[in-house]
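Participant: sequence first, predicted model second:
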Amino acid sequence: MTRRWAMIATLLGVLLFGWVFAANWFSPEERKAHWWLPDAGMRLGLDLRGGIHMVIAPDLAVATDHELAHLRTTLETRLADEKLATKSLAVAKGGIDLELADPAEAPALRELLAEDFDVLRGEEPAEGSFRLTLTPTWQREVQERAMLQALEVIRRRVDDPATGIQESVVTRQGNSRILVQIPGVSVVPDIFKQTGFLEFKIVREAEGTENAEQLLRARYPEGLPEGTEVQFEKDRKTGKVLSAYLVPDAPDITGDFLEDARVQFDSRRSEWQVAFTWNADGGRVFGELTGKNVGKPLAVILDGQVYSAPIVRDRISRQGVITGRFSSQEAADLAVILRAGALPIPIVLEEERTIGPALGADSISKGLRASLLAALMVVGFMLVYYRTSGAYAGIALVANLLLLMGLLSLFEGTLTLPGIAGLALTIGMSVDANVLIFERIREELRAGKAVRAAIATGFDKVFWTIVDANVTTLLTALVLYNYGTGPIKGFAVTLAVGLIVNVFCALVITRQLYALWPGDRPVKQLSI
């Protein structure tokens, strides 16, 4: 009775995973339309579906400059506390140049640097002059932190549900590169072309006519007021300057306080907008800013370009909208960028390759033909060499493939060209365990044991050998998955899942088939 229920459970499990795998032959729309089809489906990798392969290089030198600027501000404050006057203090060429007003105060400065600024190392090119640079250890730490932040921001942008490209690969390549692979697209999305640094600034002066910049600067013949700069609103298609704005050089509030951003359509103005929500601190700061500047324009600036400058009509606290003659795609991209956060440093697109879907379709066709041919050759050999027992191995192989593809579909795994290679390798390895079992059974039969006893002994004797062989290969697959990227991970996943399924099929399904025949029948010989 126990053996019969085990057989039924095994059969139902194979049929279940076969049903999940069969859903791949239907489109996602068809799977949603038919209740009897599972929603799960296998995804195709970049090499099978086509898409874009990019290598992105964050500008790590900018991370060093940001850290130096922060340290300069801190150092300026500490010098004022210690009453150490300076002639100059500025960030230049990867370091901080400092000149004391009184060179005799150099010992006090050295003591201050040793106590509070151990991440800086100083050189004295002249008496009272210091050249401060980051220590090599701290510079590596700063650049590593910037690299990890850039990687996380890019991953959030790609994985955002609004982008529709959740099947992508975003991973490090070496110490200073980021690899991005996006299946199913033919052009680089705009989300990779912007740093995403959002600023809000109260506008002091604005000019929206032709030659806007010249007219605006003409109002200040002796130069722009201290602490101000001119920024522009441009047509995003032609690059033509539409308006020029005189704004503070420091932002009144930045996008660091944003909690959420969503696309919405304003039916009254027939335009797309991006609605944003501040966190508690951002809402307080933004409320004070807008409350003090009712009636004034507020420039919304992304990566140094003004998107819009609406008039502040009333105090705004937690929520607001960004307008700017957006198309629906531009509004969606901006919302994704704001939700993911700003990149800490600029990025450079070093490499871009496009893989056509025709190449992917050809790879799928050849890969499946190769796998099918491998399966037929293996099954044919097993039938000729092991007869009925070989047929059991063939049935176990079919069950193996159904379980493997069903599991990959159930967990929405991504199938790559190396993954198909892993599938073909799994076919060969799936009968390896059966060969061990069959040869052991033959040895027991030659030794004079009865059929049922030989079968039981064969399975028992090779159990740990099969487990050992598959576990050692599984460790290799885990190493490949941990240290590999992109398609290599696809191969590792297929191989690892295939190994686990192999052990189950060899030790459970094949044994259940022997339970059917000869089972408890008193036969004198076994077809093996």
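Facilitator: Arrived safely. Numbers count the residues shown, from 1 in each chain.
Participant: can we go C-alpha only for contacts and neighbour counts from here?
Facilitator: Will do.
Participant: remind me which residues of the stretch 301-450 of the chain are low pLDDT?
Facilitator: In the predicted model of the stretch 301-450 of the chain, residues 324, 340-342, 356-360, 411-413 satisfy pLDDT under 70.
Participant: how close does residue 61 sit to residue 146?
Facilitator: Per C-alpha to C-alpha, to the nearest Å, residue 61 is found 10 Å from residue 146.
Participant: ok, these two, which is more surrounded?
Facilitator: residue 146 (21 against 14; other C-alpha atoms under 10 Å).
Participant: surely the more buried one is within a helix?
Facilitator: Yes. Looking at residue 146 with DSSP: H, G, I helix; E, B strand; the rest coil, it is inside a helix.
Participant: report the contact partners of it.
Facilitator: 60, 63, 344, 345 (C-alpha atoms under 8 Å, 6 or more residues apart in numbering).
Participant: per-residue confidence for it?
Facilitator: Residue 146 carries a pLDDT value of 85.
Participant: same deal with residue 163?
Facilitator: Value for residue 163, per-residue pLDDT: 56.
Participant: picking up where we left off before, buried subset of the contacts of residue 146 as a ChimeraX selection?
Facilitator: A single ChimeraX command is used to select the members of the contacts of residue 146 judged buried by 16 or more other C-alpha atoms under 10 Å:
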select :60,63,344,345
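Participant: among the contacts of residue 146, which lie within helices?
Facilitator: Within the contacts of residue 146, residues falling in helices by DSSP state H are 60, 63.
Participant: what's the farthest-apart pair in the contacts of residue 146?
Facilitator: Largest separation among those by C-alpha to C-alpha: 60 and 344, giving 9.7 Å.
Participant: quick one: whichever helix in the chain runs longest to chain centroid distance?
Facilitator: Taking DSSP H as the criterion, the chain has its longest helix at helix 357-410. Relative to its chain's centre, helix 357-410 lies at 32 Å (C-alpha atoms, centre = their mean, to the nearest Å).
Participant: for it, which helices and strands make contact with it?
Facilitator: helix 2-22, helix 46-49, helix 417-446, helix 487-504, helix 510-516 (3 or more C-alpha pairs under 8 Å, 6 or more residues apart in numbering; DSSP states H and E).
Participant: got JSON lines for these, with mean neighbour count too?
Facilitator: Shown next, in JSON lines, are the helices and strands packed on helix 357-410 (neighbours: other C-alpha atoms under 10 Å):
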{"stretch": "helix 2-22", "mean neighbour count": "16"}
{"stretch": "helix 46-49", "mean neighbour count": "25"}
{"stretch": "helix 417-446", "mean neighbour count": "21"}
{"stretch": "helix 487-504", "mean neighbour count": "23"}
{"stretch": "helix 510-516", "mean neighbour count": "18"}
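Participant: what's the closest of the ones you listed to residue 364?
Facilitator: helix 46-49 (6.3 Å).
Participant: now that closest one, how far from the chain's geometric center?
Facilitator: Centre to centre, stretch against its chain (C-alpha atoms, centre = their mean), the figure for helix 46-49 is 17 Å.
Participant: and it, what does it pack against?
Facilitator: Short answer (3+ C-alpha pairs under 8 Å, 6+ apart): helix 46-49 packs on strand 177-183, helix 357-410.
Participant: buried deepest among these, which one?
Facilitator: strand 177-183 (a mean of 23; mean count of other C-alpha atoms under 10 Å).
Participant: name the surrounding residues that touch that one.
Facilitator: 44-46, 49-58, 151, 165, 167-173, 486.
Participant: among those residues, which are located in helices?
Facilitator: Those of the contacts of strand 177-183 mapping onto helices are 46, 49, 151, per DSSP H.
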